[in-house]
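[1] Can you look at this prediction? I've put the sequence above it.
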Amino acid sequence: MCRRSGFKSAEIGGRASNRAPVQHPESYECVAPVLARQLTEHAPGWPIETARLLLRPFQTDDLDALYAIHSDDGVVRYLYNNSRTLGEVRELLDRKIAGAVVQREGDWMSAAVVLRETRELIGDLSLLWSSEVHRQGELGFIFHPAHHGSGYATEASRPMLTFAFDTLGLHRVIGRTEVRNLGSARVLEKLGMRREAQLVENEWVKGEWQSELVYAMLAGEWADELTR
Ligand SMILES: CC(C)(COP(=O)(O)OP(=O)(O)OC[C@H]1O[C@@H](n2cnc3c(N)ncnc32)[C@H](O)[C@@H]1OP(=O)(O)O)[C@@H](O)C(=O)NCCC(=O)NCCS
């Protein structure tokens, strides 16, 4: 019988973690036909332009700007990981550069978010293709603190959702956040996501029990959102 795979997402963005994905033996029969197929590369038509932003693939000279974001203690407060060293960000950047395309479930699509006017890199946006069989994804966003509160995370996430639903053909995209991360929850609400769950002290993170909000949106709901 085909059951949930038991994957727990590994992180390169959002609230996800450094933990290695755990593969449940029962998932093999589900994914075997997927792995046997020839893989296709999926990507948005880079770069993506919004009113104030440009979303593009990460590149090697983004190291300093990405480090400025991921080395900030305030930024990582509600992420699973601590602030990162330059070496850790270098490894992260390599994975993000590879995330210009996705090919299979478990892949992360990564977008560098830059201001159109100045080309300054201000954000790190990601979409995890979490299940091909169930057509599920997960959105993640991490922005430089100097640019919080200007609507950038919401503005950047919209075309990523369009990519998720229209190009990847996903059925459902979720966003997860620690319950105290009000800015993150607000972004997910502004995108039109529904709060599906509040998990109470479901994870031990950074020396404390943390609680998690799960937001979700279905493809049809995104289509409705676009007509508003
Ligand atoms: C979460 C994050 C990406 C939001 O980015 P942003 O560009 O500031 O988001 P936006 O400006 O689009 O929207 C933020 C909303 O949250 C609100 N907000 C922010 N902090 C808040 C707080 N402490 N209490 C209540 N609302 C808050 C803002 O007022 C805004 O809502 P509004 O437009 O209705 O006024 C940013 O804060 C960040 O990078 N945080 C650190 C990394 C992180 O936690 N990522 C999410 C992991 S799940």
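    Noted; the coordinates are in hand.
[2] For the residue nearest to the spatial centre of the chain, give the beta-bridge partners.
    What sits nearest the mean C-alpha location of the chain, by CA atoms, centre = their mean, is residue 140, with 2.8 Å. Residue 140 forms beta bridges with residue 126, as assigned by DSSP bridges.
[3] What is the burial count for residue 90?
    14 (other CB atoms under 10 Å). Backbone N, C-alpha and C define where each C-beta goes, glycine included.
[4] And the helices in this protein?
    For the chain, the helices defined by DSSP state H occupy 28-36, 63-70, 86-98, 152-162, 182-190, 219-227.
[5] Let me know which of those helices is tucked in deepest.
    By mean neighbour count, with neighbours taken as mean count of other CB atoms under 10 Å, helix 152-162 ranks first of those at a mean of 21.
[6] from the chain's centre, how far out does that one sit?
    Relative to its parent chain, helix 152-162 has a centroid offset of 11 Å by CA atoms, centre = their mean, to the nearest Å.
[7] Kindly report the same for stretch 136-156.
    The answer for stretch 136-156 is 10 Å, by CA atoms, centre = their mean.
[8] Would you tell me which residues of this structure are close to the ligand?
    Counting by CB under 6 Å from any ligand atom, the chain comes close to the ligand at 14-15, 75, 78-79, 141-143, 148-154, 177, 181-184, 186-187.
[9] Output the helices of the chain in TSV, with mean pLDDT appended to each entry.
    Listed next are the helices of the chain as TSV, based on pLDDT from 0 to 100:
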stretch	mean pLDDT
helix 28-36	52
helix 63-70	98
helix 86-98	98
helix 152-162	98
helix 182-190	98
helix 219-227	95
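[10] hmm, which helix or strand of this protein has the shakiest average pLDDT?
    helix 28-36 (a mean of 52; mean pLDDT, DSSP states H and E).
[11] who touches residue 153 in this structure?
    123, 125, 141, 143, 183, 187 (CB atoms under 8 Å, 6 or more residues apart in numbering).
[12] Is the third one in contact with residue 156, as I believe?
    Yes. Applying CB atoms under 8 Å as the test, residue 141 and residue 156 come out as touching, 6.9 Å apart.
[13] which neighbours do these two share?
    Common contacts of residue 141 and residue 156 (CB under 8 Å, 6+ apart): 123, 125.
[14] Quick check: the residue nearest to the centre of the chain touching residue 123?
    No. Using CB under 8 Å, residue 140 makes no contact with residue 123, being 10.7 Å away.
[15] hang on, the earlier thing: out of the helices of the chain, the one nearest residue 42 is which?
    Residue 42 sits nearest to helix 152-162 of all those, at 12.6 Å, using CB to CB.
[16] rewinding a little: greatest separation within the contacts of residue 153: which pair is it?
    Spanning the widest gap among the contacts of residue 153 are 125 and 183, at 14.8 Å by CB to CB.
[17] didn't residue 202 look like it was pressed against residue 213?
    No. Contact criterion CB under 8 Å: residue 202 and residue 213 do not qualify, at 10.7 Å.
[18] So for the two, which sits in the more crowded spot?
    Shown here are residue 202 and residue 213; by other CB under 10 Å, residue 213 has more neighbours (21 against 13).
[19] ok, now which ones touch that one?
    Residue 213 touches 176-179, 185, 188, 195, 197-199, counting by CB under 8 Å, 6+ apart.
[20] Strands of the chain, start to end?
    48-49, 53-56, 108-115, 121-131, 136-143, 172-178, 194-205, 208-218 (DSSP state E).
[21] Redo the ones you listed as TSV? Include distance to residue 38 and mean pLDDT.
    Formatted as TSV, those follow (distance: least, CB to CB, whole Å; pLDDT from 0 to 100):
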stretch	distance to residue 38	mean pLDDT
strand 48-49	27	98
strand 53-56	27	98
strand 108-115	20	98
strand 121-131	17	98
strand 136-143	22	98
strand 172-178	25	98
strand 194-205	35	98
strand 208-218	29	98
